[in-house]
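Asker: build me a model from this:
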Amino acid sequence: MKTSTKFQLSFMMFLEFFIWGGWFVTLGTFLGNNLNASGGEIAQAFSTQSWGAIIAPFIIGLIADRYFNAERILGVLHLLGAVLMYQMYGATDFSQFYPFVLGYMILYMPTLALVNSVSFNQMKDPSKEFAFVRVFGTIGWIAAGLIISYVFLWDSTEGIESGLLRNTFLMVAIASAVLGLFSFTLPKTPPRVDRKEKVSISSILGLDALKLLKDRNFLVFFISSVLICIPLAFYYQNANPFLSEIGMDNPTGKMTIGQASEVIFMLLLPYFFKKFGFKKTIMVGMLAWTVRYLLFAYGNAGDLAFMLIIGIALHGICYDFFFVSGQIYTDTKAGEKYKSAAQGLITLATYGVGMLIGFWIAGKITDMFLLEDGSHTWENIWVYPAGFALVVLIVFMLLFKNEEVSYKN
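Answerer: The predicted model follows:
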């Protein structure tokens, strides 16, 4: 791959995840403090990610793969997204904000698959070349958090009270417009499927892989994947508002520790996978969710702030050891015939159905412990996902029979 092409793809990935990390992390804090949204309404806003994940396969399967170059669709979606993000910047109440965020996520979620398609199309050996390009996405997410916390101080107590957190949407609108225009300069990625070829809804959604559920182990893993998304939703929805409310300095910047740990544990994953096997690796991932939320429940922004930092740093284990290991396991179980369908099914089940349920539950429980002054009894809130993750761990440990899964780095 040419150096110029590698730069283009890396910059594309940087902006793609800079855009996501530049508003999604602080969304709950903004809605609660600046639009006076309830826990249920915040859950509605976060659930737009799930609706986007459910609708995304149709955009990719029915449009991108059949009629237009991927880089052109990527450009159009981000330009439209910039307009909607600017509308979110100007929204003054939740009822005005919600239609824009729903429309935006329906446009944004397909771009996650499109940037991968554009990248893979330029690579001779994606297994060796993709990691270098993809890591710039993580760097972009980290950069967004550091800018919010340490450059502009938008998530400081004064920044939140004065409404400066709203500027995250303006920043992302500009970044989205830049990526939209830049996308038209990317290497051409033509449609992969003949438009005359018939395609079924079941194949688009990955439902052809449902027959894999006849395998008891895969069924246990599949159900566990859906259920573990409930604790995951608590982190996405509540972590930033929690850290801001208890008075932690630069909460968004500190949360980038989670993305840094994701990179580190991604590199360590092959060792754990080969040393301890799939079942133990994924169990460590589930246990990390329980430990993380207990640290959140009993830590504070003062002398026990280290507990919160450790909880944030566990993100790498929580995500990589469960979800990345799960993708590897799914790949080996599906075989060549159902490989794409199986990955699509897992994505639909987790980021679609699982997260949709998780955000709803997180919103309900957060509202249960809302105090009259607008604060929350966070210790009670965090105990719920901790206990839930522990139950999923125990069920998985008892029902999943150990089997050998090969890891191809």
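
Asker: now find how far off-centre the lengthiest helix in the chain is within its chain.
Answerer: Among the segments of the chain that qualify as a helix by DSSP state H, the longest is helix 251-298. Centre-to-centre, helix 251-298 and its host chain are 15 Å apart (CA atoms, centre = their mean, to the nearest Å).

Asker: pull out the buried residues from stretch 129-141.
Answerer: 129, 130, 133, 134, 135, 136, 137, 138, 139, 140, 141 (16 or more other CB atoms under 10 Å). (Glycine included, C-beta is placed from N, CA and C.)

Asker: ok, so of these, who is nearest residue 156?
Answerer: Checking the buried residues of stretch 129-141 against residue 156 by CB to CB gives residue 141 as the nearest, at 20.2 Å.

Asker: which other residues reach stretch 276-283?
Answerer: For stretch 276-283, the surrounding residues in contact (CB atoms under 8 Å, 6 or more residues apart in numbering) are 221, 269, 272-273, 284, 321-322, 325-326, 328-329, 393, 396-397, 400, 402-405.

Asker: could you flag which of those residues are buried?
Answerer: If you count burial by 16+ other CB under 10 Å, the buried members of these come out as 221, 269, 272-273, 284, 321-322, 325-326, 328-329, 393, 396, 400, 405.

Asker: can you tell me which of those residues end up in strands?
Answerer: For these, not one is inside strands, with DSSP state E as the criterion.

Asker: so which of these are in helices?
Answerer: 221, 269, 272, 273, 284, 325, 326, 328, 329, 393, 396.

Asker: of the residues you listed, which is the nearest to residue 298?
Answerer: Using CB to CB, these come closest to residue 298 at residue 393, 19.5 Å.

Asker: if I look at the closest one, how far off is residue 277?
Answerer: Separation of residue 393 from residue 277 (CB to CB, to the nearest Å): 16 Å.

Asker: and for residue 223?
Answerer: From residue 223 across to residue 277, the span is 20 Å (CB to CB).

Asker: ditto for residue 111
Answerer: According to CB to CB, residue 111 and residue 277 sit 35 Å apart.

Asker: compare those two (neighbour count), which wins?
Answerer: Ranked by neighbour count (other CB atoms under 10 Å), residue 111 and residue 277 place residue 111 first, with 29 against 16.

Asker: same for the strand or helix carrying that one, what does it pack against?
Answerer: Element membership of residue 111, judged by DSSP states H and E, is helix 94-120. With contacts defined as 3 or more CB pairs under 8 Å, 6 or more residues apart in numbering; DSSP states H and E, helix 94-120 has these neighbours: helix 3-21, helix 39-59, helix 70-90, helix 126-146.

Asker: quick one, helices of the stretch 301-409 of the chain?
Answerer: Per DSSP state H, counting those that start in this stretch, the stretch 301-409 of the chain carries helices over the ranges 305-313, 315-319, 325-347, 355-368, 378-399.

Asker: got the angle for the longest one vs helix 94-120?
Answerer: By that I understand helix 325-347. With axes from the mean of the first three to the mean of the last three CA atoms, to 10 degrees defining the directions, helix 325-347 sits at 120 degrees from helix 94-120.

Asker: now do helix 325-347: distance to the chain's middle.
Answerer: With CA atoms, centre = their mean, you get 19 Å for helix 325-347.

Asker: buried residues, it. List them.
Answerer: For helix 325-347, the neighbour count (16+ other CB under 10 Å) marks 325-326, 328-334, 338, 341-347 as buried.
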